[in-house]
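A.B. asks: With the input below, show me the fold.
(one chain, ligands or ions: 1)
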Amino acid sequence: MDNNRSSWGSNLGFLLAAIGSAVGLGNIWGFPYKMGKSGGFTFLIVYLLLAIFVGMIIMVSELAVGRKTKLSPIDAYQKVSKKFAWIGWLATIAPFLIMSFYTVLGGYCLQYIALNMTKLSFGNDSVAMGGGDVFGAMLTTPIGCVVFTTLFIIICMVIVQGGVSGGIEKFNKVGMPALFVMLLIIIVRSLTLPNAAEGLKFMFVPGYAVKAGFIEKAPDLITVLGTAGGQMFFSLSLAMGAILTYGSYLSKEENLVKNSVIIVAADTLIALMAGIAVIPAAVSYGLNQGMAPGEITLRGPGLLFITLQDVFSNMGKLGPLFGVIFYVLVLIAAISSAISLMETIAAHWIDKDLEKGETDTRQRNVLIVSLLILLEAVVVAADGLGSNFSPASLLGIKTVPTFLDCFLDFMDCWSEGIAMPLGAMIMALMIGWENTPDLVLDEVAHGDPSQGFKAFYRLCVKFIVPIVMAFVLAGQMIDFFGGNQIIWYVVAFALLVIFWIVAAVGKKPEQA
Ligand code: PFF
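C.D. replies: I've put the predicted structure just below:
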C-alpha cells in the first residue's frame, strides 16, 4: 500500500503546509489578546518555555509516529499502542468538531471580503453601517451564513481533492508567502495610526493592560500557564491528528527535530506579527473614538469582525482596500488550517481503501467528509454565535456556562477543551511509559542522532508533558464549565494518575 500512498513533493512543501496548518485564526484573534492580558513579555516567556518543553515534544512525537507507521491517526495509534489505541479516534473526531465552526468563520471572512470590495467599488458610504451593525445583521441572517460556509467548505474540498502535493502543498506554497507580505502591509498601516503605541504597550509591557484599564485584574500564574498551554496547543495544531497525518507523508530522510523547531518558530513569529498588525489598529481606533480601554473588543470574533471593520471603515478612501487585504489574509490563514483538518479526517478512509487495494478514492472520500462537515456546520452557521438560538436556549437553561453559550463554544469545548489536552497527555504517557521513548527516538534518528536531544526528549515526554497537560486540561475545564476551580484540578490530576498507572503497569507492546 505504501507505493500508492501520497507524499510531499519536497521538505519545503511540507514545512509550508505544516506552518499553514499552525497559522490560523488562533494566531490572529487569540494570541495577541492573551499575551496582553496575561502580562506581555512574561506571557511570551511562559509560552516559549511551554512550546520548547511541551509543544516541540508532542510535535516531534506526532511527526515520528506518523512517519513510522505511514498511517492516519486511528490506524497509527492502533499500531503503536494496545491500551490507548482509542486516542486515534479522539484525534479524528476533534478535527471534525473544530471544522464545524472553523468553516463558519471562514464563511464570515468571505462575506467581509465581499463587503469591503463593495465599498472599494462604490465608495465607503455604500454600506454605511458600523462594524457592530454589519456583524449583527450578518449573524441574524442564517441563510447568508450557511451559503458562505458552504462556499468555504467547497474551496477547502477542491484543494484537498487535489491531493497532498497537488493540492495542499501547492496552495500553501503560494498562500503562505502571500499571507506574510499582506501581514507586513497591514503592520505598516497599523503602526502609523495615532495612538498605535498604546496597543504595543498593551501587548508587550508587563502590567500595562491593568494599569491602562484594558482589563481589571491580571490572572494568576497557574491561570497563565493554562491559558498559554491551551493557546500553544491550538495554535500549533497539536494533538488533533493534523501534524501526525502531515508527518505520515514525509520522507525518511527529513530531520524531524529541525522541522519542528522551524514550525514552532514560524508560528510564534506570525502570532507576534499578527498582534502587531491588529492590536495597535484596534486600540488606536477605540481611543480616538473616545472609548475607555476596557470597552475596546480585542479578541475573538468581535476583534476580527467588529473592531477591525470599524478601523477600516474609518481609515478614509483607502480603508476598504486595507479591509480587502486584511480579510483575504485571514481567509488564507483559515483555509490553510482547515485543509489540514479535512485531510486528517479523510486520510483514514483513503488509507482504508488503499488497504483493500482500491486506489484513487480521494475525490469520493473528501466529498463525503465535506458533506458531513457541512451538516454540522449548518447548525453553527444558523445559531449566529448564539444570536438566533444556542444550546442553552434549546435546553431552557438560565445561568449559562461558557460551553452552552453558542454552538461554536459547545463544539470548541469538546475538541480544544477536552480532546486536545487529554489526547496530548495520554500520548506522552503512551510513549513514555507504555512503550519506551525509543519508539520516537529511533524514528527521529534517521535525521538527528544527537544524544543531548535524546536525554531532553526522555525527560520531557515521561514527566514534564503529562504534568503540564493536566494543568492545561484543568484550565480548559475551568474556562468552559466554570464552577469551583479546585474541583477541576482534582479531576484533571485524578485522570493523570489513572492513565499514568494504566500506562506503566503490565507488559510493553512489541515495537511496531
Ligand atoms: N492552528 C490553527 C489556528 O491557530 O487557528 C487551528 C488548528 C488547525 C487546530 C489544525 C488544530 C488543527 F489540527
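
A.B. asks: Gly229 is in contact with Ala470, isn't it?
C.D. replies: No. Applying C-beta atoms under 8 Å, one finds Gly229 not in contact with Ala470, separated by 10.1 Å. For glycine as for every other residue, the C-beta is placed from the backbone atoms N, C-alpha and C.

A.B. asks: can you give me the mean pLDDT across the helix or strand harbouring Asn259?
C.D. replies: Taking DSSP states H and E as the definition, Asn259 sits inside helix 256-288. Per-region confidence: helix 256-288 scores 95 on mean pLDDT.

A.B. asks: Would you mark the buried spots in the following helix or strand past it?
C.D. replies: For helix 256-288, the succeeding helix or strand toward the C-terminus, using DSSP H and E, is helix 300-302. For helix 300-302, a neighbour-count test (16 or more other C-beta atoms under 10 Å) marks 301-302 as buried.

A.B. asks: mind checking how far helix 300-302 is from the chain centre?
C.D. replies: Distance of helix 300-302 from the chain centroid (C-alpha atoms, centre = their mean, to the nearest Å) equals 15 Å.

A.B. asks: and what of stretch 228-238?
C.D. replies: On C-alpha atoms, centre = their mean, the centre of stretch 228-238 falls 7 Å from the chain's centre.

A.B. asks: Go through the helix holding Asn259 and flag the buried ones.
C.D. replies: Quick answer for helix 256-288 (16+ other C-beta under 10 Å): 256-257, 259-261, 263-264, 266-268, 270-287.

A.B. asks: Get me the contact residues on the stretch 1-150 of the chain for the ligand.
C.D. replies: Those residues of the stretch 1-150 of the chain that sit near the ligand, judged by C-beta under 6 Å from any ligand atom, are 21-22, 24-27, 95, 98.

A.B. asks: okay, those in TSV with secondary structure and neighbour count next?
C.D. replies: Formatted as TSV, those follow (DSSP: H, G, I helix; E, B strand; the rest coil; neighbours: other C-beta atoms under 10 Å):
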residue	secondary structure	neighbour count
Ser21	helix	27
Ala22	helix	28
Gly24	coil	29
Leu25	helix	23
Gly26	helix	25
Asn27	helix	26
Pro95	helix	26
Ile98	helix	27
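
A.B. asks: Closest to Ala114 out of the residues you listed?
C.D. replies: Taking C-beta to C-beta as the measure, Ala114 lies nearest Leu25 of those, at 18.8 Å.

A.B. asks: Just the pLDDT for the closest one.
C.D. replies: If you check Leu25, the pLDDT there is 95.

A.B. asks: these two touch, right, it and Thr103?
C.D. replies: No. Counting by C-beta under 8 Å, Leu25 stays clear of Thr103, with 11.4 Å between them.

A.B. asks: In this structure, where is pLDDT below threshold?
C.D. replies: Scanning the chain for pLDDT under 70 picks out 1-3, 126-128, 447-449, 507, 509-512.

A.B. asks: Residue numbers of it in contact with the ligand?
C.D. replies: When proximity is defined as C-beta under 6 Å from any ligand atom, the chain approaches the ligand at 21-22, 24-27, 95, 98, 234-235, 237, 240, 242, 337, 340-341.

A.B. asks: what's the farthest-apart pair in the residues you listed?
C.D. replies: Pairwise distances across those (C-beta to C-beta) peak at 17.8 Å, for the pair Asn27 and Pro95.

A.B. asks: so who does Ile431 touch?
C.D. replies: When contacts are counted by C-beta atoms under 8 Å, 6 or more residues apart in numbering, Ile431 touches 61, 437, 439-440, 461.

A.B. asks: Go again with 6 Å.
C.D. replies: Ile431 is in contact with 61, 439-440, 461, counting by C-beta atoms under 6 Å, 6 or more residues apart in numbering.

A.B. asks: Buried residues of the helix or strand hosting Cys156, list them for me.
C.D. replies: Counting by DSSP H and E, the element that carries Cys156 is helix 142-161. Neighbour counts over helix 142-161 (16+ other C-beta under 10 Å) mark 142, 145-146, 148-150, 152-153, 155-157, 159-161 as buried.

A.B. asks: Distance to Thr399 added to those residues, as CSV?
C.D. replies: Below are the buried residues of helix 142-161 laid out as CSV (distance: C-beta to C-beta, whole Å):
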residue, distance to Thr399
Pro142, 26
Cys145, 28
Val146, 30
Phe148, 33
Thr149, 30
Thr150, 35
Phe152, 34
Ile153, 35
Ile155, 40
Cys156, 37
Met157, 40
Ile159, 43
Val160, 41
Gln161, 45
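
A.B. asks: Glu443 and Lys68 touch, don't they?
C.D. replies: Yes. With contacts counted by C-beta atoms under 6 Å, Glu443 reaches Lys68, the gap being 4.6 Å.

A.B. asks: quick one: secondary structure of the residue nearest to Ile368 when sequence neighbours are not counted?
C.D. replies: Ranked by C-beta to C-beta, 6 or more residues apart in numbering and with sequence neighbours excluded, the top spatial neighbour of Ile368 is Trp349, at 7.5 Å. At Trp349 the chain is in helix, as set by DSSP: H, G, I helix; E, B strand; the rest coil.

A.B. asks: got it, and Lys217?
C.D. replies: Classification of Lys217 by three-state DSSP places it in coil.

A.B. asks: quick one: the closest residue in space to it that isn't next to it in sequence and Leu105, what's the gap?
C.D. replies: The spatial neighbour of Lys217 that comes closest, neighbours along the chain excluded (C-beta to C-beta, 6+ apart), is Val210 at 6.7 Å. Distance from Val210 to Leu105, counting by C-beta to C-beta, to the nearest Å: 30 Å.

A.B. asks: These two: which has the busier surroundings?
C.D. replies: Leu105 (24 against 14; other C-beta atoms under 10 Å).

A.B. asks: And the more buried one, how close does it get to Leu50?
C.D. replies: Note on Leu105: its distance to Leu50, by C-beta to C-beta, is 25 Å.

A.B. asks: Also Met157?
C.D. replies: From Met157 over to Leu50 the distance is 34 Å, taken as C-beta to C-beta.

A.B. asks: Please name the nearest non-neighbouring residue to Ala381.
C.D. replies: Using C-beta to C-beta, 6+ apart, the nearest residue to Ala381 is Cys145, at 4.1 Å.

A.B. asks: Also His348?
C.D. replies: Spatial nearest neighbour of His348, chain neighbours left out: Ser72 (4.5 Å); criterion: C-beta to C-beta, 6+ apart.

A.B. asks: does the one you found really touch Asp351, like I thought?
C.D. replies: Yes. The criterion here is C-beta under 6 Å, and Ser72 meets it with Asp351 at 5.1 Å.

A.B. asks: These two: which has the busier surroundings?
C.D. replies: Using other C-beta under 10 Å as the criterion, Ser72 and Asp351 rank with Ser72 on top: 26 against 21.

A.B. asks: Run the chain-centre distance for the helix or strand encompassing Leu374.
C.D. replies: Using DSSP H and E, Leu374 sits in helix 362-383. Chain-centre distance of helix 362-383: 19 Å, with C-alpha atoms, centre = their mean.

A.B. asks: Beyond that helix, next helix or strand please.
C.D. replies: helix 391-395.

A.B. asks: List the buried residues in that following helix.
C.D. replies: Across helix 391-395, burial judged by 16+ other C-beta under 10 Å covers 391-392.

A.B. asks: starting at the chain centroid, how far to that helix?
C.D. replies: The answer for helix 391-395 is 27 Å, by C-alpha atoms, centre = their mean.

A.B. asks: Also stretch 237-244?
C.D. replies: 10 Å.

A.B. asks: Next, the contact list for the closest residue to the ligand within the stretch 51-200 of the chain, please.
C.D. replies: When scored by C-beta to the nearest ligand atom, the stretch 51-200 of the chain has Pro95 as its residue closest to the ligand, at 5.4 Å. Applying C-beta under 6 Å, 6+ apart to Pro95 gives the contacts 240-241, 341, 344-345.
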